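Peer 1: generate coordinates for the sequence data below:
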Amino acid sequence: MARAEATTGQAGLPLPAARYRANRQPFTQVPTFVWVLASLVALVMLLPIAYLLVRAVGAGSEAWGVLLRPRTLEIFLRTAGLALAVTGGAAAISIPLAWLTVRTDLPHRNVWSVLAVLPLVVPTYVGGFTLVAALGPKGLLQQLLGQAFGVERLPEIYGFGGAALALILFTYPYFLLSLRAGLQGLDPALEEASRSLGQSAWSTFRRVTLPQLRPFFAAGGLLVALYTLSDFGAVSLLQFDSFTRAIYLQYQGSFDRTLAALLALLLVALTAVILLLEARSRGRAAYHRSTAGSVRPCPRVKLGRWKWPALALCSLIVLSALVLPVLVLIYWLIRGLAHGAPAGILWGAALNSTYVSGLAAVAAVAAALPLAVLSVRYPGKVSAFLERATYAGFALPGIVVALSLVFFAASYATPLYQTIPLLVLAYVVRFLPQALGSARSSLLRVSPSLEEAARSLGRTPRQALLEITIPLVRPGILAGAALVFLTTMKELPATLLLSPIGFKTLATAIWGAAAEGFFGEAAAPALFLLLVSGVSVALLLRWEGRLHSD
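Peer 2: The predicted structure follows:
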């Protein structure tokens, strides 16, 4: 606890501002190597935005003609409609799940809490592939109904409905995690006061509980909406024309990449609109207690006769989002092996995925450390700008980041074009904030006096960082590395555009086989990807738990 007291007092409350500022160091004392490294990292992170602006300016007056085409407007509306539908569907699933697993006496509540979050490890392109294999016109369900009732063909799953279903089932955990965090922090005194004034349970939930969850709704909805805008695999497999699919097809089918860049810039504009709406939805209301005291846990609501419908709802969601994909993959793996489908691609793709994901995790952590040191130890306008610049790539879809790096390599760094280093750079641009967030949170818990003591004993700033600070923030570094590794393993569009010729990963192997309808060949790498992702999540939770316990 001694280290945590540097920035927090008893019960984890922030120290008075004057005492906290005493721990801050003047920006003029920033070690040269920290300043140089942080500036270089921030500059690289801004490459995608610079690329889009250069392309837009280069297009001149033609840009308006491209952006105002009826087809462009149609894609814009379709993409916005998909984001709205997926966000609404994720909310419809997450609200009852969060309530049941946090506020009720649901049987085996802790087990359901874990199972409901596990669909997070299923990439949307794997989920889309399993839905096509199970519910498609000639899928497993049709085969079962054909044998029993003579059904020859099911309705089409492709298009808006199929894409929305896939994205809802495999993105709702983002919404669920946010709502669970909100429900766990609610003060029951407000609900009890409402009930004492004669309000019913439903009226109290609608007028008291839901307004308190407003920021958590906004945060969860933002994550789901941004993920929907950036998704490429599910919308491609289910043949829905969104911005990401249109950008990819334009990139693949045209020598002139200007149209693809303009579409990407329009997608960035749509993302900015969503960010603005999320910020406005939070409002200026205060959500903290205005009096002293601690918040006691909310009492459990007894379900009574509603226990069985609640269990049925939880079972239906888990079966659809977790059990169904796994069973479909196992079925197609067995069927593929029985028919001689090649499985050797699994090991080569698995090795490649593990290799580049490991490189990306190490590179992201190395790039995040100087930025974390700068923002925590030397806060100010410059350090804040450099830190926020790293979020540019994270806010953009992978296909936009890939396009910017293709342009950069082809124009200014030809030897890097279609190489592993360029692919790893794309991963770092996309996922650096994940490593930075963990490193920064961990560094806040380390007292600057420890580094000052090392300096007083003759250590240089670099030696103090390597010998004192980094060992103390190791749990946060490992948690960030695990998170980057997990998301890199699942990344598809950047991998498709930037991989060297002949270089296959699990993501590209799954997508390539599934897109051609070879489900047996896609099953093995998909199962392996789920296994590795599950291990990554377990390690991540373990290291994060260790971080919070220190």
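
Peer 1: alpha carbons only: can I get stretch 87-106 in CSV?
Peer 2: Taking only C-alpha atoms (Å, rounded to 0.1, in the frame of the first residue of the first chain), the coordinates of stretch 87-106 have been written out as CSV:
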residue,chain,number,x,y,z
THR,A,87,-26.2,-0.7,-30.5
GLY,A,88,-29.9,-1.1,-29.7
GLY,A,89,-29.7,-4.9,-29.9
ALA,A,90,-26.7,-5.0,-27.6
ALA,A,91,-28.4,-2.8,-25.1
ALA,A,92,-31.6,-5.0,-25.2
ILE,A,93,-29.4,-8.1,-24.4
SER,A,94,-27.1,-6.4,-21.9
ILE,A,95,-29.7,-4.6,-19.7
PRO,A,96,-31.5,-7.8,-18.4
LEU,A,97,-28.2,-9.7,-18.3
ALA,A,98,-26.5,-7.1,-16.2
TRP,A,99,-29.5,-6.8,-13.9
LEU,A,100,-29.8,-10.5,-13.4
THR,A,101,-26.1,-11.1,-12.7
VAL,A,102,-25.6,-8.1,-10.4
ARG,A,103,-28.8,-7.3,-8.6
THR,A,104,-30.7,-10.6,-8.2
ASP,A,105,-30.4,-14.0,-6.6
LEU,A,106,-30.0,-15.8,-10.0
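
Peer 1: buried stuff in that stretch?
Peer 2: The neighbour-count criterion (16 or more other C-beta atoms under 10 Å) identifies 87, 89-91, 93-95, 97-104, 106 as the buried residues of stretch 87-106. From N, CA and C alone the C-beta is placed, and that goes for glycine too.

Peer 1: and what of stretch 350-367?
Peer 2: Neighbour-count burial for stretch 350-367, counted by 16+ other C-beta under 10 Å, picks out 350, 352-354, 356-365, 367.

Peer 1: any idea how far the helix or strand hosting residue 177 is from the chain center?
Peer 2: Following DSSP states H and E, one finds residue 177 within helix 160-184. Centroid displacement of helix 160-184 relative to its chain, using C-alpha atoms, centre = their mean, to the nearest Å, is 12 Å.

Peer 1: and that helix, what does it pack onto?
Peer 2: Contact here means 3 or more C-beta pairs under 8 Å, 6 or more residues apart in numbering; DSSP states H and E; on that basis helix 160-184 packs against helix 70-103, helix 109-117, helix 124-135, helix 214-230, helix 233-237.

Peer 1: show me the one of those that comes nearest residue 184.
Peer 2: Taking C-beta to C-beta as the criterion, residue 184 comes closest to helix 70-103 out of those, the separation being 5.8 Å.

Peer 1: show me where pLDDT drops low in the stretch 51-200 of the chain?
Peer 2: Across the stretch 51-200 of the chain, the ranges flagged by pLDDT under 70 are 58-64, 66, 185-192, 195.

Peer 1: the same query, at a cut-off of 90, please.
Peer 2: Scanning the stretch 51-200 of the chain for pLDDT under 90 picks out 51-76, 98-99, 101-106, 108-158, 173-200.

Peer 1: helices along the stretch 251-400 of the chain, start to end?
Peer 2: For the stretch 251-400 of the chain, applying DSSP state H, counting those that start in this stretch gives helices covering 258-282, 307-318, 324-338, 345-377, 381-389, 391-395, 398-412.

Peer 1: and the ones you listed: which comes nearest residue 530?
Peer 2: Proximity to residue 530, assessed across the helices of the stretch 251-400 of the chain by C-beta to C-beta, is greatest for helix 324-338 (7.1 Å).

Peer 1: other SSEs contacting the closest one?
Peer 2: With contacts defined as 3+ C-beta pairs under 8 Å, 6+ apart, the secondary structure elements packing on helix 324-338 are helix 124-135, helix 519-549.

Peer 1: return the member of those having the minimum mean pLDDT.
Peer 2: Sorting the helices and strands packed on helix 324-338 by mean pLDDT places helix 519-549 lowest, at a mean of 71.

Peer 1: looking at the buried residues of stretch 350-367, which is nearest residue 50?
Peer 2: Among the buried residues of stretch 350-367, residue 367 lies closest to residue 50 (C-beta to C-beta), at 18.0 Å.

Peer 1: indicate which one of the helices of the stretch 251-400 of the chain is closest to residue 41.
Peer 2: Closest approach to residue 41 among the helices of the stretch 251-400 of the chain (C-beta to C-beta): helix 345-377, 4.7 Å.

Peer 1: list the helices and strands the closest one packs on?
Peer 2: Packed against helix 345-377 by the contact rule (3+ C-beta pairs under 8 Å, 6+ apart) you find helix 32-45, helix 381-389, helix 420-443, helix 474-490, helix 506-515, helix 519-549.

Peer 1: relative to residue 178, which of these is closest?
Peer 2: In terms of C-beta to C-beta, the element of those nearest to residue 178 is helix 420-443, at 15.5 Å.

Peer 1: for residue 390, see how far away residue 489 is.
Peer 2: 21 Å (C-beta to C-beta, to the nearest Å).

Peer 1: let me redo that: residue 487
Peer 2: 15 Å.

Peer 1: where does pLDDT dip in the stretch 251-400 of the chain?
Peer 2: Short version for the stretch 251-400 of the chain, where the test is pLDDT under 90: 251-307, 328-351, 368-400.

Peer 1: next, count neighbours for residue 81.
Peer 2: As a burial measure, residue 81 scores 13 neighbours (other C-beta atoms under 10 Å).

Peer 1: what about the residue nearest to it when sequence neighbours are not counted, distance to residue 82?
Peer 2: In space, residue 81 comes closest to residue 160 once its chain neighbours are excluded; the distance is 7.5 Å by C-beta to C-beta, 6 or more residues apart in numbering. Here the criterion is C-beta to C-beta. By it, residue 160 lies 7 Å from residue 82.
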